[in-house]
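*Asks:* Quick one: sequence plus predicted model below, questions after.
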Amino acid sequence: MIKQKGILKSNSINDTRVVERLIALWALNECTLGGIMHAFKLPFTGIFVGGISVLLITLIALSTTKTWSTLLKALTIVLVIKVGISPYTPITAYFAVSFQAFLGILLYTVFSVNSFTIIVLCAVTFLESALQKLLTLTLVFGQSFWKAVDVYMDWISQQLSFLPIVFNSKSLIYTFLGIYVLSGIAAGFLIIRTIKLIKKVNVSQVNLNLDTALPEFNSNKKKFKKKIFYSFLIILVIVLIPILYFNNGSQAWQNALYLIIRSVLILMIWYFLLGPYLINFLNKILSEKREFYQTDVQDILTILPILELIIYHSWKESKTFKGFNRLIQFLAKSIAYSLYFEKIKK
């Protein structure tokens with residue numbers, strides 16, 4: 001069980017610096033770590049980034065006696081940096097990170113930080129992520145999407161009639177949600193192992209070379225828009241096939257045309273009207289906090305390039321491990337080195 005405050009094995013650095021470095025890692029995770037994970041060719045980047053956020057929220061809670069105020073300050077700084085570095089990020093991403101933080105505040109304030117609350121936080125935040133995806137699909141494509149899924153599932157059931165299994169959209173939804181919840185529980189256990197391992201990392205021999213050439217981490221806006229566009233096209237084709245193939249006459253084409261117009265209009269309203277409006281609204285809310293935490297934000301922005309170097313170094317250093325062991329070693333080393341490094345000069 002993880003109950004004690006403090007994640008370090010010595011008092012060589014103060015709690016203020018620990019919290020600052022953890023907030024910096026959280027900001028890096030929200031802004032650019034997805035690109036770093038793609039550079040490392042890691043699968044399930046979205047799940048990975050979500051799990052790291054929970055890990056860092058937990059470590060911040062373990063590093064302070066003022067859980068509520070410290071996590072609230074950390075969330076505000078992360079949102080300020082995220083808006084500044086990644087202004088094209090969908091508003092849903094800001095909702096997700098805020099949900100993680102507030103649920104963490106609630107659990108860790110009321111029940112303290114322990115193995116059970118860590119696993120609950122992971123499972124619930126992963127479930128929220130899955131529900132957000134399902135809600136987005138339903139809003140964009142309407143019931144046509146789930147009707148198309150039912151058509152495909154019915155066809156699969158006919159092909160596998162020898163199995164006493166009913167395939168439909170509802171069973172697919174439950175399976176999808178179940179996978180995310182189980183992934184969250186597994187992530188919780190990995191986080192617990194990682195926290196214990198951080199204390200055992202030998203930080204005395206780390207040697208960082210600031211002249212190291214790093215891979216291109218940051219995914220640009222054009223790549224992000226292309227990903228959205230191609231994902232939309234693929235899902236649209238999947239939905240249109242049963243509408244046109246299993247229906248005859250003009251009604252099928254009318255339904256298909258309605259679906260195309262409806263989904264395109266919703267996306268245009270979201271990405272060109274509602275989304276930017278909500279981002280601007282968030283910017284106004286954060287404007288006062290940006291001035292209040294200006295020094296903290298500037299200090300964190302200054303060390304972000306060094307943290308990227310540490311992450312790259314930790315990934316290379318953990319190459320002797322395989323699978324989840326490498327993942328845990330990589331995370332533990334990245335965090336431990338980030339907490340202990342002094343301001344490096346070339």
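*Replies:* Now that the structure is in, tell me what you want to look at.
*Asks:* From here on, just use CA atoms for contacts and neighbour counts.
*Replies:* Will do.
*Asks:* Show me the helices in the stretch 1-150 of the chain, by range?
*Replies:* Counting by DSSP state H, counting those that start in this stretch, the stretch 1-150 of the chain has helices at residues 15-31, 33-39, 45-62, 67-85, 91-110, 115-141, 143-159.
*Asks:* Can you check which of the ones you listed gets nearest to residue 240?
*Replies:* Minimum separation from residue 240 across the helices of the stretch 1-150 of the chain (CA to CA) falls at helix 143-159, 7.8 Å.
*Asks:* for the closest one, packing partners?
*Replies:* helix 115-141, helix 169-198, helix 221-245 (3 or more CA pairs under 8 Å, 6 or more residues apart in numbering; DSSP states H and E).
*Asks:* okay, now residue 242: neighbour count?
*Replies:* By other CA atoms under 10 Å, 20 other residues sit near residue 242.
*Asks:* Determine the number of other residues adjacent to the closest residue to it other than its chain neighbours.
*Replies:* Distances taken as CA to CA, 6 or more residues apart in numbering put residue 148 closest to residue 242, at 5.9 Å, once the chain neighbours are dropped. Residues contacting residue 148 under the criterion other CA under 10 Å number 19.
*Asks:* And for residue 303?
*Replies:* Look at residue 303: counted by other CA under 10 Å, it has 16 neighbours.
*Asks:* quick one: contacts for residue 84?
*Replies:* Residues near residue 84 by CA atoms under 8 Å, 6 or more residues apart in numbering: none.
*Asks:* From residue 78, how far out is it?
*Replies:* Distance, residue 84 to residue 78, by CA to CA, to the nearest Å: 10 Å.
*Asks:* before we move on, what about residue 327?
*Replies:* From residue 327 to residue 78 the distance is 24 Å (CA to CA).
*Asks:* before we move on, what about residue 143?
*Replies:* Using CA to CA, one gets 36 Å for the distance from residue 143 to residue 78.
*Asks:* Mind checking which of these two has more residues around it?
*Replies:* residue 78 (26 against 13).
*Asks:* Please look at the more buried one and residue 26 and confirm they touch.
*Replies:* Yes. Using CA atoms under 8 Å, residue 78 is in contact with residue 26, at 6.9 Å.
*Asks:* Of all the helices and strands packed on helix 143-159, which one is nearest residue 107?
*Replies:* helix 115-141 (6.3 Å).
*Asks:* Could you give me the buried positions within that closest one?
*Replies:* Using 16 or more other CA atoms under 10 Å as the test for burial, helix 115-141 gives 116-131, 137, 140-141.
*Asks:* Mind pulling up the pLDDT for residue 247?
*Replies:* For residue 247, the model assigns a pLDDT of 63.
*Asks:* I misspoke; the intended subject was residue 99.
*Replies:* At residue 99, the model reports a pLDDT of 96.
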